[in-house]
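> return a 3D structure for these sequence lines:
(chains A and B)
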Amino acid sequence: MIGYLTAILVVVLISALVALALNLQWGQAGMVNFGIFGFFAATSYVAALSSLAGYPLLISLVLAILTGVALSALVALVSARLREDYFAIATLAFAEAVRLFLLNETWLTGGANGLPGIPRPLSAYSSGQSYELLFFVMALVLAAICFAFAEALTKSPFGRVLRALREDDLVAATLGKHVLSFRIWAFSAGGAILGVAGYLHSSYFGYIDPTQFGAFVTAYAFMAVIAGGRGSNTGLLFGAVSVMVLLEGTRFLKDLMPFLDAGQAASLRLILIGAGLILLLIYKPQGFFREHRLRVDKGDTK
Amino acid sequence: MLQILLNGIVSGLLVALPAVALSLTYGVLNFPNFAIGSMITFGAYIALFFNVDIGVSLFVAAGLAAVGLAAVALLIDRLVYRPLRGADHVTLLVASIGVYFVLENVVRFLFGSDIRGYDVTVARPHRWMGLRVNNEQILIFVVAFLAMVIVWFILMRTPFGRAMRAVSDNPDLADVRGISRNKVIALVWVIAAALCSTAGVLVGMDGIIDPLMGWNYVLPLFAAVILGGIGNPLGAVLGALIIGIVEEMATLVLPTTYRQAVSFVIIVLVLLLRPHGLLGKPRISR
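Sure, this is the predicted structure:
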């Protein structure tokens, strides 16, 4: 039972990190990253390859983060000037290109077969169920650091500029803010968090292949961000947990409807995800939490 | 060389049909419809149902698929996009990802994920002046050409088309002039559905039918529409032809598995160098 519980919690943490990255990029900075699964895949593969090459935890983690930052900065540099819908298309195209690379460069990525036997970190210190717990604690610590990082960015003057850019970049530019560099930084910060998520993903499952990274990752992340209230980091935790509860909960559909085969049950779950996303947009577009606002005490306004 | 050009034109025409559909919906509804790929898939499967499970000829099945998909598109518009009318385009494009999930997985739910094919006899390719041409290619050529002429006629020569272009140019002004936006949108969905299902059937005849068939066309489609200039159907056709030819040419130097990367490169280049596309007018964004 503890094994199952920690497994779910680790998965929740990973998807919360992906959503956290999206919340910085889209929620704060207004950059619609539809290709988030491509960045996530790239960092996961880098983490996996460096772990397989025998590098220790910290180095693999740092490599994954650097990959996330570098790719994000590159993509943002090329496309940050674009309008939102064009940006979405460009990032999606990037992600599909990553997927093509992963599928076809078999010598490096194992192609469609993926990479098995990725070493698990810290396994020298513990084993069995207590290892699951140890991994969960490690994931929790990493996620907490990312969360604190995102929260600090949000509340800093940097975060304020991002929100100003999102609302109207022309005004921000008129006020002397360098729009492009702010966007690149924001996008790269998201990329760093995706690096942590990628590291956790590959080292937790010990096996990765290209099918683990598809448009559904983007859909989950958008759902979590929208449910949590765009821009709110606290709300995001709620969003990520509720999306995962929905996902895990629908696993039991098969027990309720035994006449469905495994493929049908899986597709029914994805239908529910799509429908959930649409319902959320129609009925609760602001989400359940509000984003951080600067509070001014009445005494200060004199 | 001529063979490559021919293959490129044919595969470009295949992209052109849904690209026109994408361009029309983009222009009138003002958001990139990521569900376009699953519309192609859905249309192909409706035809598959009538052709294989019921046993009518593929020609009739394709017609029924167009009607069926139009009904589905109108239903989706009523349930999803109409409540979101007036929302910003990010909301709409996220919603279209939701629609994509529902459509593709309804297909998986009903038909499974296996590779299928239509009930048609495969003929030997013809040889003509040193070129190898198969029947599917001739059919694609004829059907795509006819479809494009029909759409062009509707757009340019009928009151409906004029209304559609008016809404695309300036929805508020069109509204003031008494053009019903919802009627125009409904017509756009019907045309888009007919184009997508036709493309789906043609893709299915030429290759295979599986739930991912449409998704594989999403990138070339967007590349074609962006290249031609968003909201410009004629540009979309031109863009599609260029994509088709460049993809075929690229197989000379690149492994065939990287065909799709061509679309990625084209999207990046166009967005960097000429974001309004070849035939589009520069618009002030936002």
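> can you pull the pLDDT of the residue of chain A found nearest chain B?
The nearest approach of chain A to chain B comes at residue A:274, 3.0 Å away (Cβ to the nearest Cβ). In short, each C-beta sits where N, CA and C put it, glycine included. In this model, residue A:274 is scored at 89, pLDDT.
> equivalent analysis for residue B:147, please.
pLDDT, residue B:147: 92.
> so it sits against residue B:196, correct?
No - shown here, residue B:147 and residue B:196 do not form a contact pair, counting by Cβ atoms under 8 Å, at 10.9 Å.
> what helix or strand is the residue of chain A closest to chain B on?
helix A:262-283 (DSSP states H and E).
> ok, back up a step: what's the residue of chain A closest to chain B in contact with, if anything?
When contacts are counted by Cβ atoms under 8 Å, 6 or more residues apart in numbering or on different chains, residue A:274 is found next to A:219, B:97, B:98, B:99, B:100, B:101, B:102, B:105.
> ok, now which ones touch residue A:195?
Taking Cβ under 8 Å, 6+ apart, one finds A:43, A:47, A:61, A:64, A:65, A:66, A:67, A:68, A:69 in contact with residue A:195.
> for residue A:46, see how far away the third one is.
Looking back up the chat, that one is residue A:61. Between residue A:61 and residue A:46 the computed distance is 10 Å (Cβ to Cβ, to the nearest Å).
> right, is stretch A:91-105 up against chain B?
Yes - residues of stretch A:91-105 contacting chain B under Cβ under 8 Å from any Cβ of the partner chain: A:92, A:93, A:94, A:96, A:97, A:100, A:103, A:104.
> which of those sit farthest apart?
Farthest-apart pair in the residues of stretch A:91-105 next to chain B is A:92 and A:104; separation 18.7 Å (Cβ to Cβ).
> surely residue B:199 touches residue B:41?
No - Residue B:199 lies out of contact with residue B:41 (Cβ under 8 Å); the separation is 10.3 Å.
> poorly predicted segments of the chain, please.
You didn't say which chain, so I picked chain A. Along chain A, the parts satisfying pLDDT under 70 run over A:291-302.
> let me rephrase: I mean chain B.
Across chain B, the ranges flagged by pLDDT under 70 are B:281-286.
> find the closest residue to chain A in it.
Chain B approaches chain A most closely through residue B:101 (3.0 Å), counting by Cβ to the nearest Cβ.
> neighbours of that residue, how many?
Look at residue B:101: counted by other Cβ atoms under 10 Å in any protein chain shown, it has 25 neighbours.
> pull the contacting residues for it.
Contacts for residue B:101 (Cβ under 8 Å, 6+ apart) come out as A:215, A:216, A:219, A:270, A:271, A:273, A:274, A:277.
> can you pull the contacts of residue B:17?
Residue B:17 makes contacts with B:144, B:147, B:148, B:195, B:196, B:198, B:199, B:202, as judged by Cβ under 8 Å, 6+ apart.
> ranges for the strands of chain B?
For chain B, the strands defined by DSSP state E cover B:126-128, B:131-133.
> okay, these, which one's buried deepest?
strand B:131-133 (a mean of 15; mean count of other Cβ atoms under 10 Å in any protein chain shown).
> describe which strands it pairs with in its sheet and in which direction.
strand B:126-128 (antiparallel) (DSSP bridges).
> what comes into contact with the partner strand?
Here strand B:126-128 makes contact (Cβ under 8 Å, 6+ apart) with B:132, B:133, B:134, B:135.
> now the residue nearest to the first one when sequence neighbours are not counted: phi and psi?
Distance criterion Cβ to Cβ, 6 or more residues apart in numbering or on different chains; nearest residue to residue B:132, sequence neighbours excluded, is residue B:125 at 4.9 Å. In terms of degrees, to the nearest 10, the main-chain angles of residue B:125 are phi -70, psi 150.
> okay, now residue B:125: neighbour count?
Around residue B:125 there are 14 other residues, counting by other Cβ under 10 Å.
> and for residue A:66?
Residue A:66 is flanked by 15 other residues according to other Cβ under 10 Å.
> filter the contacts of residue A:195 to the buried ones?
Buried by 16 or more other Cβ atoms under 10 Å in any protein chain shown: A:43, A:47, A:61, A:64, A:65, A:67, A:68, A:69, out of those.
> make CSV from the residues you listed and add distance to chain B and secondary structure to it.
CSV is the format used below for the buried ones among the contacts of residue A:195 (distance: Cβ to the nearest Cβ, whole Å; DSSP: H, G, I helix; E, B strand; the rest coil):
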residue, distance to chain B, secondary structure
A:43, 19, helix
A:47, 24, helix
A:61, 29, helix
A:64, 23, helix
A:65, 25, helix
A:67, 19, helix
A:68, 20, helix
A:69, 20, helix
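> measure the residue nearest to the residue of chain B closest to chain A when sequence neighbours are not counted to residue A:246 for me?
Nearest non-adjacent residue to residue B:101, counting by Cβ to Cβ, 6+ apart: residue A:274, 3.0 Å away. Distance of residue A:274 to residue A:246, given as Cβ to Cβ: 12 Å.
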